[in-house]
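Colleague: coordinates only, no sequence provided:
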């Protein structure tokens, strides 16, 4: 299944939730976390991590900053690009695990 299949209901929820008071204890919000996860990870991993995140978004947990974590292996050879590249996410390496990266969205000006 395509990631668009999973992202469409998330975007629908985000549209409706703009009219409601903010209630998420984390940054990025649980819906943004899920959207970023589905855009950068396989669906089964994104569903698992998003479900855990939503379950932890309650008064028993402190909340705070929690970016999605992905496994990423860089391509062995880099192909030079001649066109302008528009970045959507930064992959920031996790210090204690060289194969894992935090996903951080690039905000446009």
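Modeller: Everything's here; your move. Just so it is clear, the structure is predicted and the values come from calculations on it, not from any experiment.
Colleague: contacts and neighbour counts: CA atoms only from here.
Modeller: Fine.
Colleague: and the pLDDT for the nearest residue to residue 64 once chain neighbours are set aside?
Modeller: In space, and not counting its chain neighbours, residue 64 is closest to residue 26: 4.7 Å by C-alpha to C-alpha, 6 or more residues apart in numbering. pLDDT, the model's per-residue confidence, is 87 for residue 26.
Colleague: now residue 26: how far from residue 46?
Modeller: 17 Å (C-alpha to C-alpha, to the nearest Å).
Colleague: any idea which helix or strand carries the residue nearest to the spatial centre of the chain?
Modeller: When C-alpha atoms, centre = their mean is applied to the chain, the residue found nearest the centroid is residue 36 (2.5 Å). Assigned by DSSP states H and E, residue 36 belongs to helix 30-40.
Colleague: elements contacting the helix or strand that comes right after that helix?
Modeller: Counting by DSSP H and E, the next helix or strand C-terminal to helix 30-40 is helix 43-55. Helices and strands touching helix 43-55, by 3 or more C-alpha pairs under 8 Å, 6 or more residues apart in numbering; DSSP states H and E, are helix 30-40.
Colleague: contacting residues around the helix it packs on?
Modeller: 3, 6-7, 10, 13-14, 24, 46-47, 49-50, 53-54, 57, 67-68, 70, 103, 105 (C-alpha atoms under 8 Å, 6 or more residues apart in numbering).
Colleague: could you tell me how far that helix lies from the centre of the chain?
Modeller: Relative to its parent chain, helix 30-40 has a centroid offset of 3 Å by C-alpha atoms, centre = their mean, to the nearest Å.
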